[in-house]
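[1] Return atomic coordinates for the entry below.
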Amino acid sequence: MAATLIDGKKVAAGIREEVKAEVARLREQGIIPKLAVVLVGDDPASVVYARSKEKSCGNVGIDFELFTMPASTQEEEVLALIDRLNNDAAVHGIMIELPLPKHISKQTVLEAVSPLKDVDGVHPINRGYILSGSEGLFPATPESCIEIMLRSGIEIKGKHAVLVGRGETVGKPLVFMILGHNATVTICHSRTPDLGYHTRQADIVIAAVGKAKMITADMIKPGAVVVDAGINQLEDGICGDVDFENAKEVAGAITPVPGGVGSLTTVLIQRNVLKAIKLQQKNK
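    This next block holds a predicted model:
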């Protein structure tokens with residue numbers, strides 16, 4: 001293997017220790033950080049994710065409360081719960097587990113969460129803060145792409161970063177977040193003609209297109225940094241958007257899947273809870 005393996009678990013462990021220390025400091029001041037998660041319906045993956053967050057929050061000292069509602073719940077009832085959580089001073093972060101049942105508007109529900117408690121960074125106001133370079137709560141996965149590089153000693157400033165993917169969750173917010181680190185950014189997607197022409201120009205390739213092993217070794221400049229934000233379920237397990245086995249022989253550094261970008265997301269949501277506390281104190 002030619003490339004240096006970027007260890008997401010190791011990076012996450014470092015951030016987790018920082019979060020634990022900050023939580024301990026807040027608790028000494030009488031502030032108990034708390035994350036509320038709203039789960040409507042019984043989507044099996046969402047139930048697993050919610051329980052995983054509960055365990056992880058317990059490990060760093062963040063209080064966690066899961067609000068479960070049956071799939072038949074009306075939108076008004078969900079909005080009423082969010083309104084109650086928005087106005088509960090003991091709750092610092094709110095997450096809505098997706099998908100929601102089809103009769104409930106995802107957009108309406110996500111926009112109902114206070115921007116100051118939107119630890120998923122999906123509220124339009126927080127998206128606006130990303131564009132303007134202002135302080136806000138930003139989504140965990142694009143933040144993971146940046147943190148995993150910076151904490152692995154990879155310089156972003158002045159580099160040519162090619163993003164493959166323009167989705168709402170990762171690609172679009174990441175464009176402005178990585179611009180904030182003074183990269184030169186090219187945006188590609190699944191319909192970009194001759195995608196390899198663009199990716200071969202890149203010092204940094206970030207794949208978030210949602211297609212298994214779409215970025216192949218011949219699409220990577222020798223020595224480039226490859227960050228894979230994709231997660232795809234195949235018959236033989238999980239893989240990313242990059243053909244890892246072949247790409248690692250060309251790249252200079254590369255994130256694996258699993259064990260890469262995805263390892264950081266939960267702890268970055270917890271860090272957002274702590275950031276939310278600061279923003280809420282500022283806005284009192």
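
[2] wait, is I82 part of a strand?
    No: under DSSP: H, G, I helix; E, B strand; the rest coil, I82 falls outside any strand and is assigned helix.

[3] Now it: closest residue in space, sequence neighbours ignored.
    Once flanking residues are discounted, I82 sits nearest to A112: 4.6 Å by CB to CB, 6 or more residues apart in numbering. The C-beta positions use only the backbone N, C-alpha and C, and glycine is treated the same way.

[4] OK, contacts around the one you found?
    Applying CB atoms under 8 Å, 6 or more residues apart in numbering to A112 gives the contacts 79, 82-83, 86.

[5] Could you rerun that using 10 Å?
    75, 78-83, 85-86, 94, 96, 105, 123 (CB atoms under 10 Å, 6 or more residues apart in numbering).

[6] And the pLDDT at it?
    With respect to pLDDT, A112 has a value of 98.

[7] Please, where are all the strands along the protein?
    Remark: strands assigned in the chain by DSSP state E are 4-5, 34-40, 63-69, 93-96, 160-164, 184-188, 204-207, 225-228, 232-234, 237-239, 253-254.

[8] closest one to A13 among those strands?
    strand 4-5 (15.4 Å; CB to CB).

[9] What is that closest one packed up against?
    For strand 4-5, the packing partners by 3 or more CB pairs under 10 Å, 6 or more residues apart in numbering; DSSP states H and E come out as strand 253-254.

[10] Just the mean pLDDT for the strand it packs on, thanks.
    pLDDT averaged over strand 253-254 gives 98.

[11] hmm, who's touching it?
    1-6, 148-149, 152-154, 204-205, 220, 223-228, 240, 242, 244, 247-248, 260.

[12] Stretch 129-136 too?
    115-116, 118, 121, 123, 125-128, 137-139, 142, 172-177, 179-180, 272, 275-276, 278-279, 282.

[13] Any of the residues you listed buried? List them.
    115-116, 118, 121, 123, 126-127, 137-139, 142, 172-177, 272, 275-276, 279 (16 or more other CB atoms under 10 Å).

[14] My guess is T4 contacts G252. True?
    Yes: T4 lies in contact with G252 (CB atoms under 10 Å); the separation is 6.8 Å.

[15] Redo the strands of the chain as JSON lines? Include mean neighbour count and distance to E54.
    Formatted as JSON lines, the strands of the chain follow (neighbours: other CB atoms under 10 Å; distance: least, CB to CB, whole Å):
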{"stretch": "strand 4-5", "mean neighbour count": "16", "distance to E54": "30"}
{"stretch": "strand 34-40", "mean neighbour count": "23", "distance to E54": "8"}
{"stretch": "strand 63-69", "mean neighbour count": "17", "distance to E54": "5"}
{"stretch": "strand 93-96", "mean neighbour count": "26", "distance to E54": "11"}
{"stretch": "strand 160-164", "mean neighbour count": "25", "distance to E54": "33"}
{"stretch": "strand 184-188", "mean neighbour count": "18", "distance to E54": "36"}
{"stretch": "strand 204-207", "mean neighbour count": "30", "distance to E54": "30"}
{"stretch": "strand 225-228", "mean neighbour count": "28", "distance to E54": "27"}
{"stretch": "strand 232-234", "mean neighbour count": "11", "distance to E54": "23"}
{"stretch": "strand 237-239", "mean neighbour count": "14", "distance to E54": "22"}
{"stretch": "strand 253-254", "mean neighbour count": "24", "distance to E54": "32"}
